[in-house]
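> Sequence and predicted model, in that order:
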Amino acid sequence: MTDAPAPSTPAVPPKGKSLLAQDDRTKRRNAAEKRFRAYGIAAISVGLLFLASLLWAIVQNGTPAFTQTFVNLEVALLEEKLDKNGNRDIDDIRKVSTFGYNPLINEALIVATADIETEVEDGDLKKILSASAAAIVRDFVIENPDRIGETVEFRLLTSSRVDGYLKGRVTREDLARDKNLDAAHLDLIDVMVAAGAVERVFNWDFILGADASESRPEQAGIGVSMLGSFFMMLVVLVLALPIGVAASIYLEEFAPQNKFTDLIEVNISNLAAVPSIVFGILGLAVFIQFAHLPQSAPLVGGLTLTLMTLPTIVISTRASLKAVPPSIRDAALGVGASKMQSVFHHVLPLAMPGILTGTIIGLAQALGETAPLLLIGMVGYIASNYPDGIASGFLDPNSAMPAQIYEWAKRADPAYYERAWGGIIVLLVFLLTMNIIAIILRRRFERRW
Amino acid sequence: MSNLLIIAIILGLGVAGFVLGRQRALVSAGGDKRNLHSLPIYYGANVALSAILPATGLLAIWLIVQPMAINSAVSDLISDDSISETGTRDLVMADVRRVAEGLDRAVQTGAMGADTSFALDAGTDDVRDTLASLGVALGSDVTPETLAAGQRYRELLGTGNLLKTLAVIATGLLGLCVTYLRTHKDFRARNTVENGVLLLLIGAASIAVLTTVGIVLSLVFNTIEFFRLYQASDFFFGTNWSPSFSGRGQTSELGILPLLWGTLYISFVALVVAVPLGLFAAIYLSEYASKGVRSVAKPLLELLAGIPTIVYGLFALLTVGPLLVEAFGDGGLFGVSWMAGGTAVMTAGLVMGIMLIPFVSSLSDDIINAVPQAMRDGSYGLGATKSETVRQVILPAALPGIVGAVLLAASRAIGETMIVVLGAGAAARLSLNPFDAMTTVTAKIVSQLTGDSDFASPEALVAFALGITLFVITLGLNVFALYIVRKYREQYD
């Protein structure tokens, strides 16, 4: 290819050079072309690299949260400690607090480690167990008072440090400054692992369980906040879908061209771009400050997220209504249907797959949203109780998955970071499922006209 | 009677109305529905709607107005003395409400007879202990005044609820009867129903407007309240942000400038990351990439936009921050010690930039695709290479749209919360070092309002002033960006 010369200079290539040899300028231009292309490839690669490293960080840091270390321990439920009167009166048994169970567990640990040579003093042995161990034994005894006096095998949680050591999060160097556990404990654990007394198994309690206090990360689970998210999504679905569809039908099919319609349209497009935190302020001021609805309730969270999701649903619903060709409406009107009938009997059913897709995507967005929930108080406490029923599910204080993750990320113990990453995996699984459903819906039912 | 029961009764009325209306219409047509003006279900729906709609409307209005009316009636009973003792009228009113609710609960659970509950005397009976045993915690001892106000509150609430039940059910019945009697074979039931449905649709569409009104009102009123307690000029031009915790007698300095600076700095870093990457990605995808590459790379990039911001926040806090400290911190990879901790402008900006890449790239992609093919062909025909075409023809043509996309991304960055709450730190400072921790408007809204139910102190109210600033800035950017994008579109469509 020859050079395109400027009009002022004659277009004669210099003599003695082949047409096939590129001159300097062509080379430069071709190099620039290659460079430009490389920039584009680099940009995309960097973007994908970011995506990959994000996913890698999530998977690598989050998967350990799904397994947990347990100790199998035979605890002798001594009658003289747990039921002094010996009459198995449940009220007497209840009077023994978890402190009363600690000696039993300690004794069990001493027995279990009797054959192992260790520098750990007998009194320090219980540091390898979670603080929840005594409560677990106590709950068992209260439920089965007749087994007092027997020796029962329990599967008890280890402390988060031991768990971290087996997962590679905690090293011996870390423990030098840690008064919760010594390196000697870890030697003991190594022996116990080899003997099969300590094992790591899949941890359903992380997915289904409740949050725990700051000092017991090994016990914390995301189940309760999952329920909170579920109730919020129920509110969003029940309110946002009908209101959003009704608003879109009006705007797309009935609205006359006037100032009021313009106002609504401008409002919707602007609301879609309002920062989510502003919706949090709105929820706080209107639902809590003004209407005195209970703080931290999934109902309030759901109402706030409804307002936030509405524009998304309206925009996607309008797009799918617009995609239904006018011939459908004309045909319906032509056989004598009223305008309302043509919309509700013909246009809306045809637009339904698109509307559902948009709704699911809006719900997925709402599910992952955190900032508004911080303002209406769904953080800062321990979501440790399952709701008692439907009404308390809506009205009792609860957390939500993203708020729970935020809560864990703020806590000081690094063991909670693992939980936070694990929580993200759970959250992303939900989002992924919703998006896949949306894609399947679109593929299966969407028509091309 | 509980609201749920009232709603159930109204719905019952609706169902009954539907059946009755349909029947009456059919009877008036002699059992042959061909003699009717509309289909039979429209007659039923007409009666049902006129039983349900006015009654629920009344219920909704009543639920909003009644608490306000009772509150203002009761708060007149509280003297200014007791307000100065506890702090604010809101706090006293909260106590009054709690006393009233506690007594009502006592009557409900049978711990107290209805008569004794009204005959309580704050001087002799220990109301606080009684209520505490029922699980109602009070902030302070119950004064006679509070108790009197509480009793008055209960009385008014009782009468109000009774009136509400009667009025709502009466409205429902009235609507049912009137339309039932009007039902006749020549009655234009379909038109009436359709008008009613249209009204519902308009109502749904107005919720968008109501939301905006709600946002503006809740921000404006609380901001006015804030400026009554705190000088507006100190807020807008103050260079120091150091809120004290209310009630300790210290004065807070609440200047917005350090927060705005942090916000803009972080957004700037984010845009420096996102705009070149997003733009080049968009150019490559729309001009160079083969169909196969495009169908894989585009959804993958857009995956970044679907990830919740809390994930990015955690990524910034736990992955990017420590990495940056390893590189730029004390004894780090580059032997400089610019960075003290993992939370910094750079951390938040970088991660926010990653989040914004798909935002910039898909918007720019749309805009570049909207440039007419004829312009490209013309350029190629003149012998330009692809990159020359992009740089000298397509980008200038698409520039307004791209500027719009960048502005939209900037508005996103300014309003972003979770990444900065977790990644940027909490210290408000005016510094040029991008490796310093800084804080933003959104992060401070969160920290000033989280878990706070007392909106009386300037430290809490300042969040609303910050919110309105944020709202105005992002709204301005959006309106401007949409204006530019729209204007540009008109050129080629």
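Okay, I see it.
> alpha carbons only for contacts and neighbour counts from here, please
Noted.
> got the contact list for the closest residue to chain B within chain A?
Proximity of chain A to chain B (Cα to the nearest Cα) peaks at A:A247, 4.0 Å away. Shown in contact with A:A247 (Cα atoms under 8 Å, 6 or more residues apart in numbering or on different chains): A:V314, B:L201, B:I202, B:G203, B:A204, B:A205, B:S206.
> out of those residues, which one sits closest to B:I357?
Nearest to B:I357 among those is A:V314, at 25.3 Å by Cα to Cα.
> Spit out the contact partners of the residue positioned nearest the centre of chain B.
Closest to where the C-alpha atoms of chain B average out (Cα atoms, centre = their mean) is B:I215, at 7.3 Å. Applying Cα under 8 Å, 6+ apart, we find B:I215 in contact with A:V278, A:F279, A:I281, A:L282.
> Now do it, the pLDDT please.
Note on B:I215: pLDDT of 88.
> cool, B:G123 as well?
B:G123 is given a pLDDT of 60.
> Show me where the chain has its strands.
Because you didn't say which chain, this covers chain A. A:67-76, A:151-157, A:198-202 (DSSP state E).
> meant chain B actually
B:241-242, B:253-254.
> Kindly reformat the ones you listed as JSON lines and extend each row with mean neighbour count and distance to chain A.
Formatted as JSON lines, those follow (neighbours: other Cα atoms under 10 Å in any protein chain shown; distance: least, Cα to the nearest Cα, whole Å):
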{"stretch": "strand B:241-242", "mean neighbour count": "16", "distance to chain A": "20"}
{"stretch": "strand B:253-254", "mean neighbour count": "21", "distance to chain A": "19"}
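> could those strands go into TSV alongside mean pLDDT?
Below are the strands of chain B laid out as TSV (pLDDT from 0 to 100):
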stretch	mean pLDDT
strand B:241-242	84
strand B:253-254	83
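> could the ones you listed be laid out in TSV, adding distance to B:A327?
Formatted as TSV, those follow (distance: least, Cα to Cα, whole Å):
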stretch	distance to B:A327
strand B:241-242	30
strand B:253-254	35
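> right, so of the ones you listed, which gets closest to A:V347?
strand B:253-254 (54.6 Å).
> who's in contact with A:S320?
With contact set as Cα under 8 Å, 6+ apart, A:S320 has these partners: A:A351, A:M352, A:G354, A:I355.
> Try it again at 7 Å.
A:A351, A:G354, A:I355 (Cα atoms under 7 Å, 6 or more residues apart in numbering or on different chains).
> A:V236 too?
By Cα under 7 Å, 6+ apart, A:V236 lies in contact with A:G302, A:L303, A:L305, A:T306.
> Likewise for A:V162?
A:V162 neighbours (Cα under 7 Å, 6+ apart): A:I128.
> low pLDDT regions in the chain?
Going with chain A. Applying pLDDT under 70 to chain A flags residues A:1-17, A:449.
> To clarify, I was referring to chain B.
Ranges of chain B meeting pLDDT under 70: B:1, B:79-91, B:110-142, B:245-250, B:450-454, B:488-493.
> Would you mind measuring from the residue of it found nearest chain A to A:A319?
Closest to chain A within chain B is B:A205: 4.0 Å, counting by Cα to the nearest Cα. For B:A205, the distance to A:A319 (Cα to Cα, to the nearest Å) stands at 16 Å.
> neighbour count winner among these two?
B:A205 (26 against 17; other Cα atoms under 10 Å in any protein chain shown).
> which residues touch that one?
Contacts for B:A205 (Cα under 7 Å, 6+ apart) come out as A:A247, A:Y250.
> which of the strands of chain A is buried the deepest?
Ranked by mean neighbour count under mean count of other Cα atoms under 10 Å in any protein chain shown, those are led by strand A:67-76, which reaches a mean of 20.
> Which neighbouring elements make contact with that strand?
Counting contacts by 3 or more Cα pairs under 7 Å, 6 or more residues apart in numbering or on different chains; DSSP states H and E, strand A:67-76 is packed against helix A:98-112, strand A:151-157, strand A:198-202.
> For these, give me JSON lines that also has distance to B:P372.
Shown next, in JSON lines, are these (distance: least, Cα to Cα, whole Å):
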{"stretch": "helix A:98-112", "distance to B:P372": "76"}
{"stretch": "strand A:151-157", "distance to B:P372": "66"}
{"stretch": "strand A:198-202", "distance to B:P372": "57"}
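> To B:R98, which of those lies closest?
Set against B:R98 and scored by Cα to Cα, these come closest in helix A:98-112, at 34.9 Å.
> which residues are contacting the closest one?
Contacts of helix A:98-112 (Cα under 7 Å, 6+ apart): A:L73, A:E74, A:V75, A:A76, A:D122, A:L125, A:K126, A:A134, A:A135, A:R138.
> what's the angle from it to strand A:67-76?
On the basis of axes from the mean of the first three to the mean of the last three Cα atoms, to 10 degrees, helix A:98-112 is oriented at 90 degrees to strand A:67-76.
> Would you indicate which residues of helix A:98-112 are buried?
Buried residues in helix A:98-112, counted by 16 or more other Cα atoms under 10 Å in any protein chain shown: A:T98, A:Y101, A:N102, A:L104, A:I105, A:N106, A:E107, A:A108, A:L109, A:I110, A:A112.
> Then stretch A:138-150?
In stretch A:138-150, counting by 16+ other Cα under 10 Å, buried: A:R138, A:V141, A:I142, A:P145, A:R147, A:I148, A:G149.
> Repeat that for stretch A:273-287.
Buried, per 16+ other Cα under 10 Å, within stretch A:273-287: A:273-287.
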